[in-house]
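Asker: Return atomic coordinates for the entry below.
(2 chains, ligands or ions: 2)
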Amino acid sequence: MSAYKTNNKVVAWIEERLPIFSMLQHSAVEYPTPRNLNYWWNFGSLAGFMLVVMILTGVFLVMNYTPNTHMAFESVDRIMRDVNYGWLLRYLHSNGASMFFILVYIHIMRGMYYGSYKAPRELLWWVGIAIYLAMMATGFLGYVLPWGQMSFWGATVITNLFSAIPVVGPHIVTWLWGGFSVGNPTLNRFFSLHYLFPFVIFALVFVHLWALHTVKSNNPLGIDVKSPQDTIPFHPYYTIKDLFGIGVFLMFYLSFVFFAPNFFGEPDNYIPANPMMTPPHIVPEWYYLPFYAILRSIPDKLGGVVAMFSAILVLLFLPWLDSSKVRSGKFRPIFKQLFWLFLADCFVLGWVGAQVPSPNVTLIGRFATVYYFAHFLVILPLLGKFEKARPLPASISAPVLKGGGMAAGAHAQPMEKA
Amino acid sequence: MADPASHAQPSTTDGQSRRDFLLYATSTVGVVGTGLALWPFVQSMNPAADTLALATTEVDISKVQVGQAITVAWRGKPVFIRHRTPEEISEARAADNADLRDPQKDAQRVEKPEWLVVIGICTHLGCVPLGQKPTDPRGEFGGWFCPCHGSQYDTSGRIRKGPAPRNLEVPKYAFINDHTIRIG
Ligand code: HEM
Ligand code: FES
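Answerer: Numbering: from 1, shown residues only, chains lettered A, B, ... in the order given. Ligands and ions are numbered 1, 2, ... in the order given. Just a heads-up that it's a prediction; the model follows:
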């Protein structure tokens, strides 16, 4: 860490007692970042931005929300009709959840394509998966809060997953509910946890960034930084690029909020929860659909639940399942194609998850489920052994600086390629 | 991007270069945009439409005898309605020229002299003064006595003694007919 210098007495006084300025300088200004990051590297900061938006809109929603089965639905209705800009807060929050997942899915896929999970970034990858799990829990808990039909039946179905556990399952479900069905105690605890988890995510994001700043960013070439020429300082190059990304993203996000606010929603959730009647077609939020499809593909209750959780947990083993020494998919001709095939498989699973089960749909779902696991458990371990990777460039700066003859320092042509 | 040379060495240093312009323009848009985005959040904490809809209250005063007082809720606050006796009215008028902390004539504070309508919240720190019930202490001036820090109000609801700075506030109200008033 380069020593932090300042002429400002107040700053110096604080810095001596709490080195916050040098920390910021070190991790948000000087942080040496590979000079070749492409736009797929914007999605981490976008997800962070979205987390802030979710917490902000959430805190303001809570000011008018009532977590009680008799009042929750009406309180959300009141937010929509009576509270000043309540409709905006709610649509920012509900569409924000979908946006958050879109961003995080792209972020994860970026990591999978460029091999960002490989050594030395395994823990960084793990913390990311912990964030993803916490997000899934938060989204589920939040969806219960408006206490519509989908809220109620979503909560019923998901909590009942635990009843598949032998012997103790039913007791766990009663414990989760705090009663004999989803009811007021359930809503109260879900609200408490829905408020808590985003702050847990916030803490995890810090750990994620800590790990990142220890091992440094990967890059599209997947090769290590070898000299200062390979990097540029984070500020202003990537601060401005991230801000630009936020601008573009906001157009996308707000076009849903203002012009299609219920695009991701289910009309049934505008009907108050009715414990006596299940809606005819019940589906989870789109971001859970692939896992829901895996659950339904297994004709055994416990097996289905295990498969569903394994589908996420298998990601934890990815750093060791992928046997290739080459990080970036750019240099792996076969992996590159199988990556897109895997992505397509996820979309197929998502589609299957949204369908009313029929023999054909179930069959497609089973193939897609088998392929999903095969990608991790068979293809990736073997591929690394057989695939012949294309030659890697000598350094990050070599292709950019055309032969690398320039010794003019990292700032020579900062705008050339960001 | 244009000629790289012009970027490498900004031609001027006194805020005239294209970069400075871009920096200031970006920062301005960012600050103004964030400010505008925060506006709905602040605004959402103001009273909602249903809260504002409760902003008027109609009161039937036909059963309030001379010398009696009632307390009604308006916007969640107590409003004192006192049917004043002739003595109370003349006391209030007599004090019009006394040394008042918040000078106001009694006539300015009532629509009809028999009826005094004031918000029952002490202008010191918000307690509800005593004096509505016949058994309550009313202080030296026959109006209200605040139990919190001892402010005393007269029969016109004017502050006469104690820490409160202003007279009890008169809400906006109107007589709809002889025995109904609408507050708000
Ligand atoms: C990781 C961040 C978060 C995610 C993914 C998330 C997700 C969700 C979702 C999917 C809903 C249901 C939307 C609907 O259809 O109405 C919801 C509702 C809600 N959330 Fe969150 N949330 C997050 C953070 C927060 C925070 C930090 C708070 C409070 C401090 C909060 C408070 C609420 C409230 C009060 C509701 C019910 C009102 C409504 O239905 O719009 N959320 N959340
Ligand atoms: S609040 Fe009434 S005297 Fe202080």
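Asker: hey, let's count contacts and neighbours off CA atoms from now on
Answerer: Fine.
Asker: Domain boundaries for the chain, per the record?
Answerer: I'll assume chain A. Domains of chain A are assigned by automatic domain parsing as A:1-30, A:39-282+A:388-401.
Asker: meant chain B, my bad for not saying
Answerer: According to automatic domain parsing, the domains of chain B span B:12-44, B:51-183.
Asker: Pick the most deeply packed of those.
Answerer: Greatest average neighbour count among the domains of chain B goes to domain B:51-183 (a mean of 17), per mean count of other C-alpha atoms under 10 Å in any protein chain shown.
Asker: Spell out whether that domain and ligand 2 are in contact.
Answerer: Yes. Domain B:51-183 is in contact with ligand 2 by C-alpha under 6 Å from any ligand atom, via B:122, B:124-127, B:146, B:148-151, B:163-164.
Asker: Can you give me the end-to-end span of that domain?
Answerer: 15 Å (C-alpha to C-alpha, to the nearest Å).
Asker: ok, back up a step: of the domains of chain B, which approaches A:Met112 most closely?
Answerer: Closest approach to A:Met112 among these is made by domain B:12-44 (33.4 Å; C-alpha to C-alpha).
Asker: quick check: mean pLDDT across the longest helix seen in chain B?
Answerer: Secondary structure of chain B per DSSP state H: the longest helix is helix B:18-43. Per-residue pLDDT over helix B:18-43 has a mean of 94.
Asker: could you show me where the helices are in chain B, in order?
Answerer: Under DSSP H, chain B gives helices at B:4-8, B:18-43, B:49-53, B:86-94.
Asker: could you point out where the stretch 251-400 of chain A is predicted with low confidence?
Answerer: Residue ranges of the stretch 251-400 of chain A with pLDDT under 70: A:400.
Asker: still on that earlier bit, CSV please, covering the helices of chain B and showing distance to A:Asn274.
Answerer: CSV is the format used below for the helices of chain B (distance: least, C-alpha to C-alpha, whole Å):
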stretch, distance to A:Asn274
helix B:4-8, 65
helix B:18-43, 32
helix B:49-53, 26
helix B:86-94, 60
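Asker: Least confident of the domains of chain B, on average?
Answerer: Taking the mean pLDDT of the domains of chain B, domain B:12-44 comes last: a mean of 88.
Asker: what about the strands in chain A?
Answerer: Secondary structure of chain A, counting by DSSP state E: strands at A:32-34, A:231-233.
Asker: Between the residues of domain B:51-183 next to ligand 2, which sits nearest A:Ala293?
Answerer: Taking C-alpha to C-alpha as the measure, A:Ala293 sits nearest to B:Gly126 out of the residues of domain B:51-183 next to ligand 2, at 60.1 Å.
Asker: can you pull the contacts of A:Tyr372?
Answerer: Residues near A:Tyr372 by C-alpha atoms under 8 Å, 6 or more residues apart in numbering or on different chains: A:311, A:342, A:345-346.
Asker: Going by residue numbers, what spans are helices in the stretch 201-350 of chain A?
Answerer: A:234-259, A:289-297, A:301-321, A:333-354 (DSSP state H, counting those that start in this stretch).
Asker: re earlier: tabulate the domains of chain B in TSV, adding columns for distance to ligand 1.
Answerer: Listed next are these as TSV, based on distance: least, C-alpha to the nearest ligand atom, whole Å:
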stretch	distance to ligand 1
domain B:12-44	14
domain B:51-183	19
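Asker: So which of those is nearest A:Pro280?
Answerer: Closest among the domains of chain B, once you apply C-alpha to C-alpha, is domain B:12-44, at 36.2 Å.
Asker: re the thing from before, please name whichever of the helices of chain B is nearest to A:Ile129.
Answerer: With distances scored as C-alpha to C-alpha, the stretch of those nearest to A:Ile129 is helix B:18-43 (31.1 Å).
Asker: Need the CA coordinates for stretch A:340-354. CSV is fine.
Answerer: In CSV, the C-alpha atoms belonging to stretch A:340-354 read as follows (Å, rounded to 0.1, in the frame of the first residue of the first chain):
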residue,chain,number,x,y,z
TRP,A,340,-23.6,-21.7,-24.6
LEU,A,341,-25.2,-25.1,-24.7
PHE,A,342,-25.3,-25.1,-20.9
LEU,A,343,-26.9,-21.7,-20.9
ALA,A,344,-29.5,-22.9,-23.4
ASP,A,345,-30.2,-25.8,-21.1
CYS,A,346,-30.8,-23.4,-18.3
PHE,A,347,-33.3,-21.5,-20.5
VAL,A,348,-35.0,-24.8,-21.4
LEU,A,349,-35.3,-25.7,-17.7
GLY,A,350,-36.7,-22.2,-17.1
TRP,A,351,-39.3,-22.7,-19.8
VAL,A,352,-40.2,-26.2,-18.5
GLY,A,353,-40.6,-24.7,-15.0
ALA,A,354,-43.2,-22.3,-16.2
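Asker: what about it, distance to the chain center?
Answerer: Here stretch A:340-354 is found 17 Å from its chain centre; the criterion is C-alpha atoms, centre = their mean, to the nearest Å.
Asker: Most tightly packed of the helices of the stretch 201-350 of chain A?
Answerer: By mean count of other C-alpha under 10 Å, the helices of the stretch 201-350 of chain A have helix A:289-297 as the most buried, with a mean of 25.
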